[in-house]
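A.B. asks: Generate coordinates for the sequence data below:
(chains A and B)
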2 protein chains.
Amino acid sequence: MRIACALANGFEDSEFKQPYDALKQAGHEITIVGMEAGQRLNGDKGRETAVVDKAFAEVSPDQFDALFIPGGFSPDRLRSQQAPVAFVKAFFEKQKPVMAICHGPQLFITAGTYKGHRLTAWKTIQGDLKLLGADVVDQDVVVDRNLVTSRQPGDLPAFIREGLKLLEKVPAAR
Amino acid sequence: MRIACALANGFEDSEFKQPYDALKQAGHEITIVGMEAGQRLNGDKGRETAVVDKAFAEVSPDQFDALFIPGGFSPDRLRSQQAPVAFVKAFFEKQKPVMAICHGPQLFITAGTYKGHRLTAWKTIQGDLKLLGADVVDQDVVVDRNLVTSRQPGDLPAFIREGLKLLEKVPAAR
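C.D. replies: Residues are numbered from 1 along each chain as shown, chains lettered A, B, ... in the order given. Alright, predicted model coming up:
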C-alpha cells in the first residue's frame, strides 16, 4: 500500500517513528507529506527527525491508498493551512484507511471529518470532540470502518496492530 | 497588581517574554504558576526559558488580581490537568482580568469559559471556537470586559497595550 504520512514540526517522536518503521517493515511504501519538500522536521522531544518527501502542493490524495497522522504539535500546525485539511478530507470521502493518534484528530475537527465516525484522541482533544458532539470513547484503540485512532504513546502497540490489520483487509486503490 | 502567569513546556517564546517584561516594567508582580515549583520550562523556539515559581497545588486564585496565559503548546499541556482548568475558571467567576494570546483560549474551551465573551485566538483555535458557537472575531486584539485576547506574536504590541490599560482600570482585589 502507498501510505501518506502527514507531518510538520513538533511531531510526537515515538508516535511518528514506531508506526513509520512498522508500516515499512510490513512492506508498505510511506511518503512523508509536509508543507515543503526537503524540509527537516524535528520531534517535540528532540529524539527523532524526519525529512519531508513531498509537499502537499505536489501530490494528490489519489496517489495514496491510506493516510497516517502522528500526534504532537504537528497536527495543529498542519490544520492552520488549507492544503493539508483538503488532503485529509479526501481520504474520508473515498473511505480510504486513516490512522491518527493523539493530537492527529485535531485535523478532523478542522476538516469536519470528526462527524460520523466513532473515535478516540489525546485527552484534551477528546474534550474538544465531546463538546462538538462527536462519538468519542476513551480506550487504547478505536477502529470504525476506515478509521483507526489512539490516544497516546502508550497505545502504540494497539494502534500499530489495528492499523496493519486494516491495511491488510482493504484493497489498494491502484 | 498580583498577576499569575499560567505556564507549561513549549510556550511560545515571545508571547511569554514580551508581556512578562512589560507587565513587570509597569510595576506589576508576576508569579509563574505551573505544574511543579522550580521546574525549568522551555519555549517552543528554544529562545526563552522560565522557572515555575509556584505549583497550581500550592496557590489559590484568590491570591491574584489577574491572569496571563501565553500561547504555544503550553495551554494544551495545562488543560490536560484539572488544577489549571479550575484555576482559570475562578478568574472568570470573579470577573478578574484575563489576558490570553494564541493557543491560550484552548484553556477556555476546557474550562467552559469561552461562552459569553467576544474573543480571538490563533487561527486553528478560532476554528474550534467557531464550531463551538463562540463569539469569535479575527483581529489583533479583542477586549470584552475582563478579557483581553490576541491571535499571534505579531499582535503583541496591541495585546500588551490593551492588557496594561485594563489592569489600570480594575482595582486590585486585596
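
A.B. asks: OK, contacts around the residue of chain A positioned farthest from its centre?
C.D. replies: Computed with CA atoms, centre = their mean, the residue of chain A farthest from its C-alpha average is residue A:131, at 21.8 Å. Taking CB atoms under 8 Å, 6 or more residues apart in numbering or on different chains as the definition of contact, the neighbours of residue A:131 are B:109, B:132. All C-beta atoms are positioned from the backbone trio N, CA, C, and that covers glycine.

A.B. asks: Residue A:90 now?
C.D. replies: With CB under 8 Å, 6+ apart, residue A:90 has these contacts: A:61-62.

A.B. asks: part of a strand, is it?
C.D. replies: No. Following the definition DSSP: H, G, I helix; E, B strand; the rest coil, residue A:90 is helix and is not counted among the residues of a strand.

A.B. asks: any idea how far chain B is from it?
C.D. replies: When CB to the nearest CB, to the nearest Å is the yardstick, residue A:90 and chain B sit 19 Å from each other.

A.B. asks: per-residue confidence at that residue?
C.D. replies: According to the per-residue confidence, residue A:90 scores 98 in pLDDT.

A.B. asks: what element comes up after the strand or helix carrying residue A:20 heading to the C-terminus?
C.D. replies: Assigned by DSSP states H and E, residue A:20 falls within helix A:13-25. The helix or strand immediately downstream of helix A:13-25 is strand A:29-34, counting by DSSP H and E.

A.B. asks: Which residues does that next one contact?
C.D. replies: Contacts of strand A:29-34 with the rest of the structure, by CB under 8 Å, 6+ apart, involve A:1-8, A:20, A:23-24, A:41, A:50-56, A:59, A:64, A:68, A:84, A:87.

A.B. asks: Distance check, the residue lying closest to residue A:114 once chain neighbours are set aside against residue B:124.
C.D. replies: Distances taken as CB to CB, 6 or more residues apart in numbering or on different chains put residue A:108 closest to residue A:114, at 4.1 Å, once the chain neighbours are dropped. As defined by CB to CB, to the nearest Å, residue A:108 lies at a distance of 13 Å from residue B:124.

A.B. asks: Between those two, which has more neighbouring residues?
C.D. replies: Legend: neighbour count by other CB atoms under 10 Å in any protein chain shown for residue A:108 and residue B:124, higher for residue A:108 (29 against 23).

A.B. asks: residue contacts, the residue most central in space within chain A?
C.D. replies: Per CA atoms, centre = their mean, the C-alpha nearest to the average position across chain A is that of residue A:69, at 1.6 Å. By CB under 8 Å, 6+ apart, the contact set of residue A:69 is A:5-6, A:75, A:88, A:98-101, A:104, A:107.

A.B. asks: Run through the residues of chain A sitting next to chain B.
C.D. replies: Contact residues, chain A versus chain B (CB under 8 Å from any CB of the partner chain): A:10, A:44, A:73, A:76, A:79-80, A:103, A:106, A:109-110, A:122-124, A:127-128, A:131-132.

A.B. asks: Just the buried ones out of these, please.
C.D. replies: In the residues of chain A next to chain B, burial by neighbour count holds for A:10, A:44, A:73, A:76, A:79-80, A:103, A:106, A:109-110, A:122, A:124, A:127-128, A:131-132, counting by 16 or more other CB atoms under 10 Å in any protein chain shown.

A.B. asks: Check the gap between the closest residue to residue A:137 other than its chain neighbours and chain B for me.
C.D. replies: Across the structure, with CB to CB, 6+ apart as the measure, the residue nearest residue A:137 apart from its sequence neighbours is residue A:120 (5.6 Å). Between residue A:120 and chain B the distance, using CB to the nearest CB, works out to 15 Å.
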